[in-house]
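Visitor: my questions are about this predicted structure, shown below with the sequence.
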Amino acid sequence: MFDKVWLIPLFPLIGFLINGLFGKKIKNEAVIGGIGTLMIFLSFLVSCGILMQMIGLPPEQRVFEKVLFPWIHSGNFKADMAFLVDPLSVIMIMVVTGVGSLIHLYSIGYMHGEEGFYRFFAYLNLFCMSMLLLVLGSNMLVMFIGWEGVGLCSYLLIGYYFHKKSAGDAAKKAFVMNRVGDFGFLIGLFTLYWWFGSNHNIWTVNFVEIKAASHLLPYGGVVTFATLCFFVGATGKSAQIPLFTWLPDAMEGPTPVSALIHAATMVTAGVYMIGRMSFVFIKSPETMMVIAVVGAATAIFAATIGTAQNDIKRVLAYSTVSQLGFMFLAMGVGAFSAGIFHLMTHAFFKACLFLGSGSVIHSMHHALHKIHSHDDAQDMRNMGGLRKAMPITFLTFLVSTIAISGIPGFSGFFSKDEILWMAFANSYHGNLNIVLWGIGAIAACFTAFYMFRLVFMTFFGECRINPGAKSYLHESPLVITIPLMVLGALAAVGGYLGMPKILGMLPNYFEHWLEPVFELANEYGSTYAHHGAHPSHAIEWGLMGLSVVIALVGIAIAFTMYVKNTELPGKFVAAFPTLHRVVYNKWYIDELYDYLFVNPCKAFGQFLWKFFDVIIVDGAVNGVANVVMSFSGILRYMQSGYVYNYAFSMALGVVVMLGYYIFK
Amino acid sequence: MSNVLSLTTFLPILGVLLLLFIPKDSKGVLRNVTFAVTIVTFLVSLLILTGFQTNAEFQFVENVPWIAAGPFIMRYNIGIDGISLWLVILTTFIMPIAVLSTYTAVEEKVKEYMVCLLLLETGMLGAFISLDLFLFYIFWEVMLIPMYFMIGIWGGKNKIYAAVKFFIYTMVGSLLMLVALIFLYFKGMQAGITDFGLLQFFDLKLDMATQIWLFLAFAFAFAIKVPMFPLHTWLPDAHTEAPTAGSVILAAVLLKMGTYGYVRFAIPLFPEAAHKFAPVIATLAVIGIIYAALVAMVQEDVKKLVAYSSVAHLGFVMLGVFAFNTEGITGGMLQMINHGISTGALFLIVGFIYERRHTRLITDFGGLSKQMPIFATVFMIVTFSSVGLPGTNGFVGEFLILLGAFESQLRWWTIVATSGVILSAVYMLWVFQRVMFGELDNPKNQKLLDLNAREITIMVPLIVMIFFMGLYPKPFIDKMDPAIKKLVAQVRVASVNTMAIPCADQSQMPAGHPGGEMPPGHPSVNMPAGHPVIESPSTQPAAPVANPHAEK
Amino acid sequence: MDMILIPAVNMAPILPEILLSVLAMILLLINVFSPGGQKSSLAYISFLGIIAAGVLVAIGWGVHIESFSGSVVLDNFATFFKMTFLVAAGLAVLISDSYMEREGCNQGELYPLILFTVVGMMLMASGTDLMTIFLGLEVMSVSLYVLAGFNRANKKSNEAGLKYFLLGAFSTGFLLYGMALIYGATGTTRLYKIAAIVGQMTVPSSNIMLVAGMLLMMTGFAFKIAAAPFHMWTPDVYEGAPTPMTAFMSAGPKAAGFAALLRLFLVALPTLQVEWSQVLWVLAVLTMTVGNITALRQDNIKRILAYSSIAHAGYALVGFAAGNGTGTAGILFYMLSYAFMNIGAFAIIILVSKKGETNGNVSDFAGLGFKHPLLALAMTLFLFSLAGVPPAAGFIGKFYLFSGAIQKGYIWLAVIGVLNSAASVYYYLRIMVYMYFKESTEEFEWVKVTAPVALALVIAAAGTLIPGIVPSVILEYAQMAVKLM
Amino acid sequence: METLFFLIISLVAIVSAILVITCKNPINSALSLIMTFFCLATYYVMLDAPFMAAVQVMVYAGAIMVLIVFTIMLLNIRIDASKKHSHKLIFGSIIGFFTLLNVVFVLIRSRAAVPTGPYSGDMIKNIGHTELIGREMFTNFLLPFEITSILLLVAIVGAVILAKKKI
Amino acid sequence: MENLNSYLIVSAVLFSIGTIGVLTRKNAIVIFMCIELMLNAVNLTFVAFSRHLGNLDGQIFVFFIMTVAAAEAAVGLALFIAFYNNKESIDVDDANMMKW
């Protein structure tokens, strides 16, 4: 089964080609959507087969590399088109193909009647293929194809409604910010390649070979540089500080896109990449700290913004950024499997949330369209009380919200609590631990708050929609609700795969599964870890309780503000106008970037063109010509037409010539 | 078969003769004949490709006497190796496409136009296959003439300025190169070289000062052609004014003359000097990358934007070439071909919309995707190829260049150059967005027709190549690899020699110094006390980083 | 009182001269006794005569004969130059008839005068005595004064003749003074004897009389070849003179001046090479630069080509300054190809211009390229050749000239030369810009392309293109000519 | 005595030469020039070249100057145009002065070749100058002599073409 | 006989005067006369050298120079007359149609 791994990306590619080339001719939505969904579902089946086979193998045999064909071979450099199957990539392909299939299915319903339906499915398939290349790539370069490929698809899908200027802007912004990350990725790759090659004559970008040679890497130094560069790549892809602003804007794309790309899969690529190269990252304590700090900071920062947004998808977007922050926090504190675990659970509940919001928007849009209202279908201030009209959507949404808020028993609790615990208990960052934990906990509180704010504003209370449209609100069709239900179920129970040891009810399957992948990293980490007193179980229990309490506090505040005392938010805003404005405007980060980078770049470009290029460089060129020309004018006027002038010139020539030789 | 190179090169000339017998007014026949000629040339050039043995030797060599007068002996000495092979193929590949693109674009003076195109093809092919320096120079100059007329006769509003600037600019550089060429020959004559044959000159040992001057002269000529910052200003003008086919050929092939010149002539002829100037050239290349990208970003004319993007792309090529390692030069060569394909395609695309709307201002467009979906797709693919998206050809070249340069002494340059990757995305996507996305609000754009069959036929081979070279560049790399390895070896041997000089100095040092094993009473004649070793620090930077542990 | 016994002399070296002189005299007679009007037959006869002379000259290839007690010599050098003169004259004769007819000054004396000019030039090229050279020069000059002012109804032609005459005579004064000083310093006027005597001097360059004589003589010849600062007559005279004569003047006398100067310096004064090289270095730079730069802002096409001809003298001086085999062979080659390309260009100017040369501006070439593609193509070829763009003969010529300088170590001279060459491209291109890139504003009519002119154009084009592609056909002879001198 | 004579002749020659270039009336210039020519003829006699002196008087003073005077009369030119070009005068004089300076320096600082020729003053007196000249001219310098015939023919033809009334 | 240099210096003076005349006068005929003066100065040099060297080459040369002068005079004066016919002037200032 392992050597059939190439089928996994191949199916979506076929889907892409069929829909891309002939979709316009097919016209039948069912066929198009069917092909798209079927292809990814086939991939899912193959993935399942691989998973099954892998479960049956002993841990040390769970790594398999499949070389498809040689790609770039030049000089010392060798990169093949090759796939790597190991526990980590298997988890990823399961998530991608699984969640991907559901979202494809959902899209058939959601995108019904859209112009360019075929285009959407082609892109979606292309995205899946790229994402699968990313996670399956056995060397950095194949990973990079996927890495950029998903960026491309993200660009295409964000810009799906290309006639909207905002969509085009958002798409471009996403791609460019990703490119900034890619810049880091490439430099990191070069550094690692060059270091290994010139110092140990190991010229490789292959993960397996790098892993085998990773003991040669020094701690810190060049590794810090390389890993920081990689981390820049990760921040771009996974929307971390400072490259996070594209993600909220990316909500311009259709909602399934947001669910698949900007919640479940693509944005987690950065986390995956760090996991893939954990044995390199762990060699640099400095980078680990930076990752942890950036992750924590992003978690809290995005969470604050999320509290003030009114667009349902934007809240979710900031929530995604914040959750990604948690994952990076996990990576940064060396809790790699916890990070990946959160990645997976997040894929479930966040995909469910997005799809749920999509269902809401779909319904809202439909209703508003019926009465020709131009109200914003995504603005929560226009919603309220939808739980009656859309019960399935409401239920699945609620389950996922509970999961993300960290209520025990649901998947989010297990993964998030593990991360918070590791932030507190890890042995890498010394006194910083408590700060990291604190920030994480507050962010969790915020998470609970804004998520429940979302739920309350959308599904509870008065129905604030245009009264005329109210009667048109209804539950979405099955093709939409089935994926919701599946994902809701996963969001509820998915966490039991990785139940913390301390709860002791089930073994932590997840950690065991990933152990062979992260073993080496943990071993390297232990060489410089602080071997202080290990926190006791009591503390762990205490903290776990605390985080639950925190989540509940968040929910309570949300309940108070948006259900019981609905005038409270207004009062709050009135009390702290500046704070609200700043938070509402996302801390003015976009404006800051415009001010710092975009505008100077444009101005500088203008300057270089209009002034430097035209006046200085070209001016020099033309200036030479002009000087010559003016000389020409002078010489021309010396040709006066008078014979004695000509004779004078001759005589002068003679005199000078003679004089030079006589008096020299 | 043995004359297949000559055949390929001069087939277009035969085509010209054929065209002369076709009446002026039968435009269709003229076009079809020209197209047929270029296709035949392409097919013949495929014979070269299939007959090419993958090794470092020059093949299909033809070497017959040509001029022998005075101190000079020039020979009709041609041949190709892996480096020139692909450029020859690129040329013959682009030409039919360029011809096809003129079917509706050029309605006036068709005959003359076709003659120019065919002459140009001969000139370009000749320059790529020449193994005689003098022959190369002749072709190098001959190329200018048809291009000059193409810009000047069929160009836009400001055509005269652009054409004259193009001609004189390149002429200045190439004439200085001519002086260097002659000087080199006389130097070679003293060492027993008998003719202008390039290969003999590779073994010539020149002193550093001579090398520097000669290298500068060659480098200047090639830098103008590339064009490198700050000698690039002719290019945007020439591109904006030239007709579509002219721009395509200019970008796809003519600019490669410059970079090819470095790879084939300037570097292997003067390796030590090349090493010495590598940082300077790399700096200019990197400035070019960033600068051109920033300037491209704010252009209002699509064609000008593409022209500036050319400057940036060729900056990458230069950086790769001056990395002096296999990866870098391979990347540079690939990027040359890639640039030929993707920028050629971009100019064709600009030509398509220009033909429809007679404007190239970005602000006149917007939302074309809706009206022209096929065009949008094509444009997008080419855009991403130009940006260097993995999976397209642009990536392979760019990646190898950056990798190679990073391995070499040009590490910090590479890091700056890599940021060009970001900027290229910015300007290309921005223009794509402004042209293709948004509301289709300009009424003139609402009646635009999508690409017709001919235009699709033009673009398909390019798109196929974009993906083929992106996904399976192996055949390309394999064919050029031995030649590049040989080049790298040539350059490396030379640089070892430069390093040997200071070493020798140092080894003599103890002997010259008083004390040590010196016999008592022996005065230190050779080297006065306190005489520092002046040579070593100045020659140090010329040496490549042979000792990588230094970075640790 | 004894009889003076005229020594037996070998006439062989001056056979072509004799042929041409006799022919010229016959033509004069025919002209007198033939009815007025149609003069074409004179042109044909003289063209045939020139071909016959060419055959005679060609027969003399490879022979080395001194005659008239060392006054004259027949060697390859002379032969090569004689061929050049004959080419120039032949082409000039071919293009003259229709022009003169149009301008209404078709007097039969034109052709004898051209032939006499050729005789003078030939004597300059083969003379080995200062007197022979001087008299040859004068025969040439006096004829040219007349030819320049030939169209005497035309004020410009008049003025050209006057200016040329006054300045020419002035320069003759310097030339003669130089010859006098050389005579005084060496005691002889025979070049070989001068060489022998100078060769015996310990430090010839310290003999200031010799050096001054050399410089003054150089002045005189520099005037003929239009080298700065003795060039200032050129544009005015070229503009004013009848166009075919301008064409002839730009090619023939310039070559003759080089021939005489080369022989003088390389045969008589090789020991002073350091000195004359220095001077020629400066002259070359001045000449090229002044010629090219001034040409940039000209509108009259004849003036443009006049300045261009100054510049070309400068290029040739580059080779001369080098003074080695490569450079001098380059001069020979260049002079011959210059005759082809320049007269070719002038032929087209004649065709394009109207009666009275009222439209001598570059702008009058507008649109020529597509109305008369063949003419324009020929003009393009000539202009590219003048600009030194391969594959035309002009390029090969420049290549050898600059090579000579580089071989000699005058790299900077070569660099200045090529930069000048690049600048010159501008004004040649300008003509092409008008021909191809601009539309004509008015209908233009020209003299019908008569058979002789067509023939001249074909010869000129072939002479420009073929040596560019296979330069050996001429270069080998140029090399031999220089070697045997 | 001879020195004194030489000085007087030189004075006359130079003064009349200066008159040539200063006289406003071309006729006066022409007459002064004839005067100078006579002085030169005198020099030739002093230099044992009587034949040259005779030719000088006949050809120059006689033929050429008559031609010039004739032309001046024909064209009826009286006074050099009244417009004064003082800068012309200054520059011309400066250049002339430097020419003089240069040439004089050349002459002072160098020596002519050592006399080697067979023609001493006595020999000339014995055989006769004219005969010696004739011998030289028809033996060693035959070709230049022949060329002069062509030159004169050219001059005649040229003069006729340029000056004849009817074209 | 005076020594050589005296003659040479006189001839140099005459030559310079001739040069000055050419440069300062405007009447073409006068300019031509000045040129004749220059040629005569050269002649004197030749004769002086000839006498000094004891060979007659210089005198022969002078003979030819005189012929040339005559020929030039004929052509030159014809040119002047033609010019005068056109311009009613013999001033070189008026020969100014062509310039620059």
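Guide: Arrived safely. Numbers count the residues shown, from 1 in each chain, chains lettered A, B, ... in the order given.
Visitor: alpha carbons only for contacts and neighbour counts from here, please
Guide: Fine.
Visitor: what's the local residue count around D:Ser29?
Guide: As a burial measure, D:Ser29 scores 24 neighbours (other CA atoms under 10 Å in any protein chain shown).
Visitor: what mean pLDDT does the strand or helix carrying it have?
Guide: Element membership for D:Ser29 (DSSP states H and E) is helix D:26-46. Averaged over helix D:26-46, pLDDT sits at 91.
Visitor: who are the packing partners of the following helix or strand past that helix?
Guide: As assigned by DSSP H and E, the chain's next helix or strand after helix D:26-46 is helix D:50-55. With contacts taken as 3 or more CA pairs under 8 Å, 6 or more residues apart in numbering or on different chains; DSSP states H and E, helix D:50-55 sits against helix D:26-46, helix D:129-139.
Visitor: of all those helices, which one is nearest B:Met208?
Guide: Of all these, it is helix D:129-139 that lies closest to B:Met208, at 62.5 Å by CA to CA.
Visitor: now that closest one, how far from the centre of its chain.
Guide: Here helix D:129-139 is found 21 Å from its chain centre; the criterion is CA atoms, centre = their mean, to the nearest Å.
Visitor: which parts of the helix or strand just after that helix are buried?
Guide: The C-terminal neighbour of helix D:129-139 among helices and strands, as given by DSSP H and E, is helix D:142-163. Buried residues in helix D:142-163, counted by 16 or more other CA atoms under 10 Å in any protein chain shown: D:142-145, D:147-148, D:150-163.
Visitor: how many residues are close by C:Lys254?
Guide: Neighbours of C:Lys254 under the rule other CA under 10 Å: 27.
Visitor: tell me which element it is part of?
Guide: Using DSSP H and E, the element containing C:Lys254 is helix C:243-263.
Visitor: now do B:Thr102
Guide: According to DSSP H and E, B:Thr102 maps onto helix B:82-105.
Visitor: other SSEs contacting the helix or strand following that helix?
Guide: Per DSSP H and E, the first helix or strand lying C-terminal to helix B:82-105 is helix B:110-129. With contacts defined as 3+ CA pairs under 8 Å, 6+ apart, the packing partners of helix B:110-129 are helix B:4-20, helix B:27-51, strand B:72-80, helix B:82-105, helix B:133-142, helix B:144-154.
Visitor: now do 10 Å
Guide: Where contact means 3 or more CA pairs under 10 Å, 6 or more residues apart in numbering or on different chains; DSSP states H and E, helix B:110-129 is packed against helix B:4-20, helix B:27-51, strand B:72-80, helix B:82-105, helix B:133-142, helix B:144-154, helix B:244-249, helix B:255-261.
Visitor: ok, and which of those has the densest surroundings?
Guide: Among the helices and strands packed on helix B:110-129, helix B:244-249 has the highest mean neighbour count (mean count of other CA atoms under 10 Å in any protein chain shown), at a mean of 28.
Visitor: then that one to PDB, C-alphas only?
Guide: Output of helix B:244-249 as PDB, limited to C-alpha atoms (Å, rounded to 0.1, in the frame of the first residue of the first chain):
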ATOM      1  CA  THR B 244       5.100  42.300 -30.300                       C
ATOM      2  CA  ALA B 245       7.300  39.900 -32.200                       C
ATOM      3  CA  GLY B 246      10.200  42.200 -31.700                       C
ATOM      4  CA  SER B 247       9.700  42.400 -28.000                       C
ATOM      5  CA  VAL B 248       9.300  38.600 -27.800                       C
ATOM      6  CA  ILE B 249      12.600  38.000 -29.600                       C
END
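Visitor: does it reach chain C?
Guide: No: residues of helix B:244-249 are not located near chain C by CA under 10 Å from any CA of the partner chain, the shortest gap being 15.7 Å.
Visitor: now do that helix: distance to the chain's middle.
Guide: Distance of helix B:244-249 from the chain centroid (CA atoms, centre = their mean) equals 15 Å.
Visitor: returning to that earlier point: including mean pLDDT, could the helices and strands packed on helix B:110-129 go into CSV?
Guide: As requested, the helices and strands packed on helix B:110-129 are exported to CSV (pLDDT from 0 to 100):
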stretch, mean pLDDT
helix B:4-20, 90
helix B:27-51, 90
strand B:72-80, 89
helix B:82-105, 90
helix B:133-142, 91
helix B:144-154, 89
helix B:244-249, 90
helix B:255-261, 91
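Visitor: mind putting the ones you listed into CSV with distance to chain D?
Guide: Putting those into CSV (distance: least, CA to the nearest CA, whole Å) gives the following:
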stretch, distance to chain D
helix B:4-20, 47
helix B:27-51, 54
strand B:72-80, 40
helix B:82-105, 58
helix B:133-142, 46
helix B:144-154, 46
helix B:244-249, 56
helix B:255-261, 53
